[in-house]
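Peer 1: Sequence and predicted structure are below.
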Amino acid sequence: MTRRTRANIFLHLILIAIAALTLTPFAFVVNNSLRTNSEMNHAFFGLPASVKSMANVTWLKITGRGGQIDIPRDIAATPASPLSARDGDEGDAGVAAMDRGTYSAAMSPNWKSASTKPKPPRP
């Protein structure tokens, strides 16, 4: 390698690092806009449960395991806040029962959960 090529590589690495530092706050804004208040209080740096669930469903679809997609019967039952199902329909850990479904049926409630915020209580 020539001296000039090494200098260019070093310069580009510095510019990439500066760009990453500049874009980091925007990543936090997008991440926090998709979180619920409970998720913000419990895990500040983690991904929202709805995003984790969408990534898992998409991974199952991409890898050809679309028949293994589980949809919680209770929409509020997410990995971050599992709720018990009613009338003895719960598993050993008290997590809501799941149904098998299609990719679009699994993504729809996840997208709604990620894109809508609950209304704050009135004082």
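Peer 2: Cool, the structure landed.
Peer 1: C-alpha only now, for contacts and for neighbours.
Peer 2: OK.
Peer 1: contacting residues for Asn37?
Peer 2: Asn37 makes no contacts at all, as judged by Cα atoms under 8 Å, 6 or more residues apart in numbering.
Peer 1: Average pLDDT for the helix of greatest length in the chain, rounded please.
Peer 2: In the chain, taking DSSP state H as the definition, the longest helix is helix 3-33. The average pLDDT within helix 3-33 is 92.
Peer 1: right, and the helix or strand after it?
Peer 2: helix 37-42 (DSSP states H and E).
Peer 1: Check which residues of that next one are buried.
Peer 2: Residues Glu39 are the ones in helix 37-42 that count as buried (16 or more other Cα atoms under 10 Å).
Peer 1: now that helix: how far from the chain's centre is it?
Peer 2: Between the centre of helix 37-42 and the centre of its chain there are 13 Å (Cα atoms, centre = their mean, to the nearest Å).
Peer 1: Check stretch 52-66 too.
Peer 2: 12 Å.
Peer 1: What residues sit buried inside that stretch?
Peer 2: Lys52, Ser53, Met54, Val57, Thr58, Leu60, Lys61, Gly66.
Peer 1: Keeping just the C-alphas, turn it into CSV.
Peer 2: Extracted in CSV, the C-alpha atoms of stretch 52-66 (Å, rounded to 0.1, in the frame of the first residue of the first chain):
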residue,chain,number,x,y,z
LYS,A,52,-38.3,-7.4,18.9
SER,A,53,-41.5,-9.3,18.0
MET,A,54,-41.6,-7.9,14.5
ALA,A,55,-38.0,-8.9,14.0
ASN,A,56,-38.7,-12.4,15.3
VAL,A,57,-41.8,-12.9,13.0
THR,A,58,-39.8,-11.6,10.0
TRP,A,59,-36.9,-14.0,10.8
LEU,A,60,-39.3,-16.9,10.9
LYS,A,61,-40.8,-15.9,7.6
ILE,A,62,-37.4,-15.4,5.9
THR,A,63,-36.1,-18.7,7.1
GLY,A,64,-39.1,-20.6,5.8
ARG,A,65,-40.6,-21.3,9.3
GLY,A,66,-43.7,-19.3,8.7
